[in-house]
Each structure stands twice: as structure tokens, then as C-alpha cells.
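Participant: Provide a 3D model corresponding to the input given below.
(chains A and B)
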Amino acid sequence: MRRFRITPVRLASAIAVGSLACAGVAYAASLGLASNKLHAWSQTLTKGTCNQTSTTADDTYVQQALPTSTAGGTATTLTISPLSGAQDYAFIRFDLSGCSLPTTAGADSATLTVYVTTSGSDTISLFPVYSSWSSSTLTWNGVSGLSIGSTASTSFSASTSGTKTVTVTADVDAAIKAGALWGWELRATSGIASVAIGASENGTASKRPSMTLSYEK
Amino acid sequence: MKRMTNILGIVVTTTLLSVGVAAAASLGIGTGQLSAGNKSVTGCTSSSLTATRNVDNSGNVTQVNVTSVPQACAGELLAVTLENSSHASLGTASTTVGTCSGGCTVTLTGLGTVSAASVSAYAFSLTQ
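Facilitator: Model (predicted):
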């Protein structure tokens, strides 16, 4: 058996290799890699707007006094009434399919604008609707079959006529992620007056519901 | 003897040169330019996972949700930085990936008050 001898050349080679290895470790350490494993990545967002008008709006109001009526679907104004035995609720939604937003998108900001045509000392609250409805079929009796949030998202005072704008960012953001915006039920949560807002069928464009939407995707 | 002296000279020179290179490297002094980018180093995943975020009614980010995080990443630290269009940090948060079946959705909260409108990108990292 041949014996391994440590010659000066072999010793020099070993030291040189060891030194270079040390240099590599030091370089890795300088990058912060050490012994930890790191995975880093980024996601760039695309911003845009997709404002909604009466073209994509659907709205109606339902009447406690006429529980099977669908007349609100073609009305030019939407009545909202807290009157006992004669309550009226309005419903407004927008079809966002034209925005081509994936469910991974989100709303950066969104506002809903309505026009109070008949004022009264009511606070009108907006409750988010989570299930599908159509103005051509929704009735007072049909409301109980809808999934509606129990907490108002926002509200406005109808004590004066004119334009009312409310922020609905959280609702629209959630709706984008759910794949559809089923809008809001507008109900008088205080007051005793019957008020009205312009419908998408209103003859004056500025009195129709509209919505601004800034999004990311 | 002369040969031995030459060899030792080479050894000493090589050693000092290596130490010098190592020291320069540890100081970040190289001949090349510094750059940053995505690089996977044998982590639990090499994928660029996607995220969504939720906002409150004021449009501020309330949470970031990273979806389809592999089970292999359980126990690792997931961090997110919200960046503006200049890639400046607007807020950060981190959490340890929990255990779950299949792909995990990891939720990061505590980002501070950051307007979603000002966020142009998310920067993520997973560290062991």
C-alpha cells in the first residue's frame, strides 16, 4: 500500500483551495444569504377607472302596500318610505361586467351618487345586497328571499333635494372579489317622511344614479 | 531549501490574496455594479405567489391575502411591503406561515394606514 505523503506542493494546494472557499463564504455572507433560504418576489398593480351610469344601472322600489307589484322597475323615481304599513324600499345595482375585473382585483375607491327628487327629514341608509335580483321581477314579498347585510354601509340625509354622494368602497371591493355587484337596499332608518330619488329611467340624466370606481388589478 | 522557500512564498501570497478578496467581498466592494431582483435559493417555493387586499370604506388597506402558499412553507416568515410608484415603502407586515391542508391563504394585517390608491406594488419575501 502506497503511503500518502504531504509534500510542499500538496500543502500549498490545500491552503489555496481552503482560502478560496473562505472567500466564497464571506461573499455569500455579504449578500445576507448566510444559511437562511430566501425567496423574494413582487407584484405590480394596474390601476384604472370604470365609472358607471344609468346604462349599466338597474333599480326599482318595492312597496309594502303592494307586495306583489313590480311597477317600481319602470318608475322614473324610486320611493323610500318609513311609514308603518306603507314602507317602500329602493334597490340600486350596477353591472360591472364591462370593467373586465378579475376576482383578484379590488376597488381603490368607489362612490354612489343619487339625486333626491322629493326631500323629507329622513336618514336613508344603504344596506349591501349579496344575492341576485332584477328590477323586472323584484317585489316586496321577494325581498325576504334576498341576502342583505344587517348593518348599513353608509347613509345620507334626504332633508334637502339634490345630489347626494356616499362612499361605498368597501362594498364594491367585496363585490369585485365575489364576482358581482348586487348593489344596495335603500331604506329610511329615521324620519317619518316619504322621499324619492331619481331612477335610471328618469328623463333628466343628472337625476339618475351613477357610480365612480377606481380599481386595481 | 531554496525550493521550499519559494513554495512557502506562494502559499503565503495566495492566502493573503484570498483573505483580501474575502474582506472586500464582505464589505460589498466588488468590481461589478450592485443590482437587485428576484432570486430563489432552494426555498419552500420558487413561484411568485399572487395576493389580493381588502380595504375599508375609506379606501385604506386592511389586510393582504397571499393565496396558494405551499404547505412546505409552513413555519417560514412571510413579509409584505406595500410600495408606491417610486417603490418607496408605505407599510410592512409579516407573519409566520401556519399549517394547513393544500395551499394556504396567508393573511397579513397591521400595515398601518395606507391608502390603496397609493399602492402600486407588493414586495414579498419568504425566509426560513
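Participant: Which residues are in contact with residue A:180?
Facilitator: A:96, A:132 (CB atoms under 8 Å, 6 or more residues apart in numbering or on different chains). Where you see a C-beta, it was placed from the backbone N, CA and C, and this is true even at glycine.
Participant: quick one: it and residue A:207, what's the gap?
Facilitator: Distance, residue A:180 to residue A:207, by CB to CB, to the nearest Å: 26 Å.
Participant: And the helices in chain B?
Facilitator: Under the criterion DSSP state H, helices of chain B are mapped to B:2-26.
Participant: low pLDDT regions in it?
Facilitator: Under the criterion pLDDT under 70, the flagged ranges of chain B are B:1-42.
Participant: State the distance from residue A:162 to chain B.
Facilitator: Using CB to the nearest CB, to the nearest Å, residue A:162 is found at 23 Å from chain B.
Participant: scratch that, residue A:108 is what I was asking about
Facilitator: With CB to the nearest CB as the criterion, residue A:108 and chain B are 4 Å apart.
Participant: in what helix or strand does that residue lie?
Facilitator: Assignment of secondary structure by DSSP states H and E places residue A:108 within strand A:106-118.
Participant: Spit out the contact partners of residue B:49.
Facilitator: By CB under 8 Å, 6+ apart, the neighbours of residue B:49 are A:41, B:66, B:67, B:68, B:69, B:124.
Participant: what about it, distance to residue B:80?
Facilitator: 11 Å.
Participant: what's the answer for residue B:62, then?
Facilitator: In terms of CB to CB, residue B:62 sits 13 Å off from residue B:80.
Participant: list residues touching both of the two?
Facilitator: In contact with both residue B:62 and residue B:80: residue B:111, using CB under 8 Å, 6+ apart.
Participant: Between the two, which is the more surrounded one?
Facilitator: Using other CB atoms under 10 Å in any protein chain shown as the criterion, residue B:62 and residue B:80 rank with residue B:80 on top: 22 against 18.
Participant: Provide the partner residues of residue A:107 in its beta bridges.
Facilitator: residue A:215 (DSSP bridges).
Participant: Looks like it contacts residue A:177 (just checking).
Facilitator: No. Between residue A:107 and residue A:177 there is no contact under CB atoms under 8 Å: 9.4 Å.
Participant: So for the two, which sits in the more crowded spot?
Facilitator: Legend: neighbour count by other CB under 10 Å for residue A:107 and residue A:177, higher for residue A:107 (27 against 18).
Participant: and chain B, what are its domains?
Facilitator: If you go by automatic domain parsing, the domain ranges for chain B are B:1-29, B:51-127.
Participant: List only those of the contacts of residue B:49 flagged as buried.
Facilitator: A:41, B:66, B:69, B:124 (16 or more other CB atoms under 10 Å in any protein chain shown).
Participant: okay if I get the residues you listed as CSV plus distance to residue B:101?
Facilitator: Converted to CSV, these look like this (distance: CB to CB, whole Å):
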residue, distance to residue B:101
A:41, 24
B:66, 17
B:69, 12
B:124, 22
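Participant: sorry, back to before: what packs against the strand holding residue A:108?
Facilitator: Judged by 3 or more CB pairs under 8 Å, 6 or more residues apart in numbering or on different chains; DSSP states H and E, the packing partners of strand A:106-118 are strand A:162-167, helix A:169-178, strand A:195-198, strand A:210-216, strand B:51-55.
Participant: The first one to strand A:106-118, inter-axis angle?
Facilitator: Right, the one you point to is strand A:162-167. Interaxial angle, strand A:162-167 versus strand A:106-118 (axes from the mean of the first three to the mean of the last three CA atoms, to 10 degrees): 160 degrees.
Participant: what ranges do the strands span in the chain?
Facilitator: The chain I'm using is chain A. Using DSSP state E, the strands of chain A run over residues A:38-44, A:47-49, A:57-63, A:77-80, A:88-94, A:106-118, A:123-128, A:154-157, A:162-167, A:184-190, A:195-198, A:210-216.
Participant: You answered for a different chain; I wanted chain B.
Facilitator: Counting by DSSP E, the strands of chain B are B:51-55, B:61-69, B:77-83, B:89-96, B:104-108, B:121-127.
Participant: is any part of the first one close to chain A?
Facilitator: Looking back up the chat, that one is strand B:51-55. Yes. Against chain A, strand B:51-55 shows contacts by CB under 8 Å from any CB of the partner chain at B:51, B:52, B:53, B:54, B:55.
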